[in-house]
Structures are given as C-alpha cells and as structure tokens.
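Asker: below are the sequence and a predicted model; questions follow.
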Amino acid sequence: MEELKVDLENGTTQFIVVTLGEEEYGIDIKYVDNIVRMQNITRVPKVQKYLKGVINLRGEVIPVMSIRIKMGLEADEYSKSTRIIILKLEQHGNIGVIVDEVQEVVTLESSQIEKIAYDSKEERDNFIFAIGKYENGGLISLLDLNAVLVEKESV
Amino acid sequence: MDVSQYLEIFLDETKEHLQSLNTEILNLEQDSENADTINEIFRAAHSLKGMAGTMGYKRMQNLTHDMENVFSEVRNGTIKVKGNLIDILFQCLDALEEYMNTIQETGDEGTNDNEPLIKLLNEILDSKGEEEKPEAPPVEKEASQSSGGESLGGEGKWQGIKFDDTQKHVLKEAIKQGKHVFGLTVKVQETCILKAARAFLVFKALEELGEVIISNPPVQDIEDEKFDLDFSLIFISDSPLDKVVKAAKSVSEIEGVDGDTIGSEKLDTLAEVPQPPKAPVEAEPSPKPVVEPQIVETVSQPAPQPVSQPAPQPAPIKVAEKKAPVSKPVVNRTVRVDIEKLDVLMNLVSELIIAKNSLVSASGAERSASGFNEHIEYLESVTTNLHESVMKVRMVPIESVVNKFPRMIRDLSKKLDKKMELYMSGEETELDRTVVDEIGDPLMHLLRNAADHGLESGEIRKERGKPEVGSVFLDAYQDGNNVVIEVRDDGAGIDTDAVKEKAISKGLITPEQGEGMSEQEVVNLLFHAGFSTAKTVSDVSGRGVGLDVVKSKIESLSGEVEVKSKKGVGSTWTIRLPLTLAIIQALMVDVGGEKYAISLGSIQTIEDIMPSDIKSVQNKEVIHLRGIVIPIIRLNEVLDIESKKKQEDNLTVVIVKKGDRMAGLVVDDLMGQQEIVIKSLGKYITKCKIISGATILGDGEVALILDTNALF
C-alpha cells in the first residue's frame, strides 16, 4: 500500500495533468507506462461497472476502468481528446484508466504539494491525497491511485 | 564478489543430488551389495559436500561429510547395510532437504546442527571393525586434496608479477614495518566448476590474515572467471608463510598453493627482471598427511555435476523391483533454460500467429491472386512448426515430480504399518513446465489417500484373500491432446454408504437427496470442501482438507479429476491435463454482436435446433438429442447482452461437455475455427468466473474465451 504514496519529503515530483469533467487532476508520472488514444474496448461480462473491459495494447490484454464511474461522476463521453492512460503498478499489473483529456506534465516541489485531511463526505474527494499548487496560482487535485484502483463491490 | 550469484545453481544441483541419493538409497535397501549404487551414492554425497563447502554452508557440509564417511565404509565393505542404517540415512536426507529449503527461503542454512544425526552416523562408524580408521578428519582430507603442490603446473608464477613504483614502495614500507611479503600461486583443480567462487574463498581466507596487494590476473578478471587454472598474488601479512599457505589450501578444490617470502632486495630484482630464469623456489611447508588411498582416488575423480539424474526409462518400470545391476548412470543431457527467455520466445510465436491471422482475414476481404494464398499456407505451416518446437522446449518429463514418490510410499508404509509397494509407469510423459511444477502436491495427496484410506491393513487383506502387500499404481500417459495421470490402488474402494452418511451428518446433502443419488454422485461428494471419511485423523491424511484442494488445483491448470471406485476392489483417480496452456484451437462464436471463443476440446457437437424442440423440465430449458436430455444455457443471458436473433429463429446450439455431463450453449452465430493465443485478463479482473482469458484476433480486437466448465 505504501508504495503508492508519493514521497513528499524528497524534492520534486512530476505529474501528468488530466481533465475529468470540469476539474484537473494530477497522476504521478512514475506510475504511468503509456498514454494511448481511445480505442475499441471489449466488454467483460459480470464485472464491476467501472471496469469498462479490455483492450489490446501491442499484443497484451489490458483491463480498462473508468475513473469517472468509480468516482461517482456521470459516465464518460468519448471524444477526440479522450485518452487511456496505462498505469503500471506492481500490485495490480497494467491497468488503463480513461480520462477526458491529457493536458501537460508539471513538476511540483514538495512545498507545492499540500496534503489534505480525509474527513470529506464527498466520495470523489477520497480519491485525492493532496492538492498541488501551480506557480501561477492554479490548483490540481493529485489522485491517490491506490484509492482509485482498490476493488469496490458497491459501484 | 559474492557467492550469491551461484545460489541458484547450487540449489538446482543440490536438489538433483538429493533426488539421486533418495533413489539410490532406496535401491540400496533392495540390493545392499550393488557396487554401482554405492558408488553413485558416494559420488552424490561427495559433490553435495563440496558444493555446500564452497557456498560456506558449514552445517550442511558437516552433515554430508559424516554421511560420506559412512558411505565410504559401506563401499569398503566394512559396514553392512541394514534397515536401521537406511532409516538414519533417510533422516539425514530429510535434514539436508530442510537445510536446502531454509537456504532457498532465507539464503542462510539456519542454525540446526542436527547433532543427534551426526552422533548416530558416528556411532555407526565406531561400531564397525577396529582395524579401520573410523574417520578421516576434514582437515586432513582437504589437505589431501591439495597436497599435490609439487606437481603444480604454474609453480612460481607469482615471480612473473610486475609491479609499479608505488606498489614497490608499499611493499618496501611493509617490510620495514616488520611484515612479511609473500608471493603466492594458487592452482585450482582441473575439475573445479566454480573457479571464480573458489578463488573468492581463497581471497576471503587470505584477507583474514593480511592484505592482497597485487593479483595476476587482476581481481576483476578472477571474479569473471577469466583465468586458467591458477592465479598469483603478492600478499602482505603478519603471519608466517606456512600459515598463509594453509589458509589458502583450506578452501576445497584447490590443488595446491605455492609461495615464498619476498625480501626487500628480491623486490628489486623482481621488479626489474620480470621473468627470472632461476629455478623456482619450492616452498611446500604444509605437512603431507598420510591419507587413505580410497579418498584420494575419489577426490581425483572428476566430480560429476548434473550427472545424477537417472536416465529416462523408456518402458514402464516397476520401481519396487531391483534395477538391473549394471545400469550405468547415463548423463541426462539437459540445457537449463531460463523460463523467462522461453516466455519471450513464446510471445514471439504468439505474435507470429496473430500476424498470420491478420493475413488470413485480409485474404478473406479481397479475393486476390492464388500466390497470396500459397504464402499464407506456408506461413501457417511455419507457425505451426515453430509453435510445436517451442512447446517441446517447455515440456519436461513428469519424472522430476514423481521421483520422490517411491521414497514417500516407503515412509508411509513404515508409518502406517501397512505393507505396500508403488508401481510407476510413464515417468517420461512430458508436460508443460508450469504444469509439472504444480502437479506434485495433488499427486502426493492422492497417493497418501490411497495408502491411508484406500489400502486395508495386512490382516484384513489376508481375510479378503488379497495379497498381503498392497499395491499402489501411478500411471501416466498421453491421450490425444491430454496427459492422463492415474493413481490406482487395490484397496477397499470407496465406502459409498459411509460417504453418504458423512455427507448427511455434515449437512452437505439431505437424507432424501442421498436416497436418489447414484454411486458416482456419492463418490463425487468427496471433492466437497471439508470432507474426510477416515474415522480417525491420522498424521498422513484425513484432516478434512485435501480432495477439494486437489480438485481446485487441477482445475486451475485447466484439467479435471475423476474418481472411479469399486468396493472391495480398489479405486482409480484419473487426472486429465491439457498438454499446453498457451495456444488452443477454438471455435469463434457471435453472441449479441460480441465475439467469444470456445475451446474446441470441450465441444462435442454443434446442432441446429428449432425453438419448438426446447422442452421445459423443472423450470429449466432442455433439449432431447439422440436419446440424451441436455440442459440449454442461453449465452446472451449469462453474458448480460441482448441476442440479435428473433424468437422464432432456429437456434444454433454448441454442445459442450464437462466430464460425463453435457450442456447446450445457445449462440447467435458461428464464425469459424481458429488457433488462438491465450492471454490472461490480468490481475485486476478477478470477478469474472465464466471468462478464462482473452485472445487477440487478426484485426487487433480482443475476444474473450469462455470457460465452459464454469457454466455447468
């Protein structure tokens, strides 16, 4: 579990900034293996709703999940800018997550990352472990991938 | 430098040696006079000792050393092989295996000295005739290995070492401080396998006494094993020469150490004249112990390395029988291939097949010249061959797993106080490496069951007019695309009434259900979790876990297990495993616009059924087909998807079987047969039981593979 936490004490961390709905989220770049365009997803029956199915990534079969459904947002609308970010995690293997748009890569100093408390009632807030502050004053929510990927029956 | 890089080789070879010791000691029990067997045992024990010593596992070395002493006396004929001795030897093997397991898990041999065993071994040694020297102490023996100092080919080679001014300065300083400077040439035995490891140990031993200033070849080259049989050192130490030489010689497989003190004036001559023509100074201060010629002889024998696997037996052999006396151990020519490399190769083949599939679909799209088709046919034959040969690389005989069973049955026989013999056949049958690794435990469980529950005790057997010695059979053979392994006993068979009673008392079935059950159905109850019919829980089996685990393990390997039993005659457990798990022939079907693959192996027939032919029995849809009633499963319902067919349309039904049972799967359309590469859905998707994997089609799309067994 711990390995998913970003090492806040040590210098800078790079995040890929993605859009989900109206908000911007950051994904720690060290877990990102690849970013691919939206492609045909083969549905897998009898699985959790947020698991959209599997795709073929250069001969490997990779499960794809919808962060939006997992977070309780409305279902994805696929557009030209929709991307699948392939995450590489020891615990789960490779997993693709669908995001509305990939913006840029930002480098944040540890001083620019502010941890948040976990008492929020709102479900989507539980997927965030910290807030990143840009130099120009913008804010991004940094995704806690562990919380995003953990298996959940109820959704 | 670090010996851990050799750990894997060490463990592999230790396993082989232990297995060969187990087999040979069993043979020895049958035929205590067989010189070949005894020699083989001695060789294996000796290699084990040497390897353990190299790796620095002292406790393991001590134990094997004492075992070797006993074997040596057995070979000399001074100790007779008795049941008691065999038991102790087996205990020693168990202890060694324990060491090995501890090493495998922790990298360390643990702290168990196994002193009682060593004491027992020594008692055996002491109890024999007085005229023989009971033990050659280890030091003496090691010295004997290395006492050939005078015959060194590379003697005095250290005199060829050149040094630069700084080094010369360092050495001179050292001499001024009253330290000794030595030149040493260490020669390893020609038969030594891990030269670099030996050299490392020499360095380690020397560094306890002083400092190595220069080495020739350089240390890096020695670590990389880039040296012939000897290496030379310039060494500074407070200790006298003989102590230094002794330390270097204490490492086993070192043939000799040649060394001399270098004075300051010699330092100059050495540095200036790189290759002094004068006769090399012979310094051989170590005592030459008188050693038993026996030991020297074996020491000089080339240590057989991965030799010890017995040759594959072509015909079914009876293990319990005496082996032909002159069966010379044949070297099993094996190549150790990293399984990861094989997987890469396998993936390449997979991609090749995918490429072929895409070509096939391209040709279907536009009817082009016939030459194109020829190419495809060629590609097809190439990929099929490649697939086959790669599969063969992955195949290993089940021998490696079943070899330990004769020993197990022997132990069980003693423990349960029942006479029994194990007859094995088909050990050469090959299976995919991954399957072979997994199959050991289930087989062991079935054999234990047969020995414990299956076979009756000697008295009962006599009463029933059976031979007093019970027989357990383990037969393996290939059957089409499957490998079948049968575990059979001539015991009491399964007491179906007892099973029924037990199932009722455990609440698995109601008494009413029990009434209507066929014998086979009752027997299948045994595979339920938490079922054990042995009235007393014994050490061997009957803890209530087991058969259900056996079943789930076999099923996880895409195999199946069946049991047939006849009361009073015996039971047969049949395990059926697919030859390979990676590539299968499959039927592609369309369900509601989605493509699914069904393994051809499980398909019985394909039928076209009129909707009116579907009858309802107990609220379930069935069809009546050539005298058999088959339940119907509408795949679109199972897969949560809308069927594209209209209600009045004829149904396409794929009849699949699982063991003796059948079911009809209703699909929208058939798309044809294809060779598919099985890919896992990944660790993340675990909930979907009816899908056993996925495959990539010619157009790059992913199709799911239906696990028809899960539909029943």
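Answerer: Arrived safely.

Asker: from here on, contacts and neighbour counts on C-alpha atoms
Answerer: OK.

Asker: any idea how far residue B:166 is from chain A?
Answerer: In this structure, residue B:166 lies at 44 Å from chain A, with Cα to the nearest Cα, to the nearest Å as the measure.

Asker: near chain B, which residues of chain A show up?
Answerer: Chain A comes close to chain B at residues A:40-42, A:44-47, A:54-56, A:59-63, A:92-95, as judged by Cα under 8 Å from any Cα of the partner chain.

Asker: if we go to 7 Å?
Answerer: Residues of chain A found near chain B, taking Cα under 7 Å from any Cα of the partner chain as the criterion, are A:42, A:45-47, A:55-56, A:59, A:61-63, A:92-93.

Asker: and the residue nearest the centre of chain B?
Answerer: Ranked by distance to the mean C-alpha position of chain B (Cα atoms, centre = their mean), the top residue is residue B:400 at 5.7 Å.

Asker: quick one: contacts for that residue?
Answerer: The neighbourhood of residue B:400, defined by Cα atoms under 7 Å, 6 or more residues apart in numbering or on different chains, contains no residues.

Asker: correct me, but residue A:97 touches residue A:67?
Answerer: Yes: in this structure residue A:97 lies within contact range of residue A:67 using Cα atoms under 7 Å: 6.4 Å.

Asker: for the helix or strand harbouring residue B:623, buried residues please.
Answerer: Take DSSP states H and E as the rule and residue B:623 turns out to sit in strand B:620-625. Along strand B:620-625, the positions that meet the burial threshold by neighbour count (16 or more other Cα atoms under 10 Å in any protein chain shown) are B:621-623.

Asker: over in the stretch 301-450 of chain B, which residue gets nearest chain A? Let me know.
Answerer: Taking Cα to the nearest Cα as the measure, the point where the stretch 301-450 of chain B comes nearest chain A is residue B:351, at 7.0 Å.

Asker: now that residue, what's its secondary structure?
Answerer: Secondary structure assignment for residue B:351 (DSSP: H, G, I helix; E, B strand; the rest coil): helix.

Asker: and the residue nearest to it when sequence neighbours are not counted, its phi and psi?
Answerer: Beyond its immediate neighbours in the sequence, the residue positioned closest to residue B:351 (Cα to Cα, 6 or more residues apart in numbering or on different chains) is residue A:59, lying 7.0 Å away. The phi and psi torsions at residue A:59 (degrees, to the nearest 10) take the values phi 90, psi -10.

Asker: next, count neighbours for residue A:59.
Answerer: Counted by other Cα atoms under 10 Å in any protein chain shown, the residues lying close to residue A:59 total 19.

Asker: quick one on the thing from earlier: make sure the residue nearest to the centre of chain B is indeed in a strand.
Answerer: No: when three-state DSSP is applied, residue B:400 is found to be helix, with no strand at that position.

Asker: with residue B:438 as the reference, measure out to it.
Answerer: When distance is defined by Cα to Cα, to the nearest Å, residue B:400 is 12 Å away from residue B:438.

Asker: tell me the pLDDT at the residue nearest to the centre of chain B?
Answerer: You'll see residue B:400 listed with a pLDDT of 80.

Asker: check residue B:256 too.
Answerer: According to the per-residue confidence, residue B:256 scores 76 in pLDDT.

Asker: you'd agree it is in a helix?
Answerer: No: going by three-state DSSP, the assignment for residue B:256 is strand, not a helix.

Asker: so which residues of chain A form strands?
Answerer: Defined through DSSP state E, the strands belonging to chain A, from first to last, are A:12-20, A:23-28, A:32-37, A:51-57, A:60-66, A:83-89, A:93-99, A:101-109, A:113-115, A:128-133, A:139-143.

Asker: mind putting the ones you listed in CSV, distance to residue B:468, mean neighbour count and mean pLDDT included?
Answerer: Below are these laid out as CSV (distance: least, Cα to Cα, whole Å; neighbours: other Cα atoms under 10 Å in any protein chain shown; pLDDT from 0 to 100):
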stretch, distance to residue B:468, mean neighbour count, mean pLDDT
strand A:12-20, 75, 19, 90
strand A:23-28, 71, 20, 90
strand A:32-37, 66, 14, 92
strand A:51-57, 60, 23, 91
strand A:60-66, 57, 24, 91
strand A:83-89, 60, 21, 92
strand A:93-99, 56, 22, 91
strand A:101-109, 78, 16, 89
strand A:113-115, 76, 16, 84
strand A:128-133, 72, 21, 86
strand A:139-143, 71, 21, 88
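
Asker: re earlier: around the residue of the stretch 301-450 of chain B closest to chain A, count how many other residues there are.
Answerer: Neighbour count of residue B:351, defined by other Cα under 10 Å: 17.

Asker: which strand or helix spans the closest residue to residue B:223 other than its chain neighbours?
Answerer: Distances taken as Cα to Cα, 6+ apart put residue B:196 closest to residue B:223, at 5.3 Å, once the chain neighbours are dropped. Assigned by DSSP H and E, residue B:196 falls within helix B:195-207.

Asker: contacts for that helix?
Answerer: B:1, B:3, B:54, B:222-225, B:244, B:247-248, B:251.

Asker: and which of these is nearest chain A?
Answerer: Proximity of the contacts of helix B:195-207 to chain A, judged by Cα to the nearest Cα, is greatest for residue B:3, which lies at 28.8 Å.

Asker: can you pull the pLDDT of residue A:1?
Answerer: In the predicted model, residue A:1 carries a pLDDT score of 43.

Asker: next: the one 10 residues further on.
Answerer: On the pLDDT scale, residue A:11 is placed at 75.

Asker: that older thread, next, format the residues of chain A next to chain B as CSV and append distance to residue B:434.
Answerer: As requested, these are arranged in CSV below (distance: Cα to Cα, whole Å):
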residue, distance to residue B:434
A:42, 29
A:45, 28
A:46, 29
A:47, 28
A:55, 26
A:56, 25
A:59, 22
A:61, 21
A:62, 23
A:63, 24
A:92, 22
A:93, 20
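
Asker: which of those sit farthest apart?
Answerer: A:46 and A:59 (23.9 Å; Cα to Cα).

Asker: mean confidence for stretch B:358-369?
Answerer: Summarised as a single mean, pLDDT over stretch B:358-369 is 68.

Asker: now swap in stretch B:71-79 and tell me
Answerer: Computed over stretch B:71-79, the average pLDDT equals 78.

Asker: report the separation between residue B:662 and residue B:673.
Answerer: In terms of Cα to Cα, residue B:662 sits 21 Å off from residue B:673.

Asker: oh, I was asking about residue B:579
Answerer: The span separating residue B:579 from residue B:673 equals 20 Å under the rule Cα to Cα.

Asker: which of the two has more neighbours?
Answerer: Relative neighbour count places residue B:579 above the other of residue B:579 and residue B:673, with 20 against 15, counting by other Cα under 10 Å.

Asker: just name the closest of the buried residues of strand B:620-625 to chain A, please.
Answerer: residue B:621 (22.3 Å).

Asker: list the beta-bridge partners for the closest one.
Answerer: According to DSSP bridges, residue B:616 are recorded as the beta-bridge partners of residue B:621.
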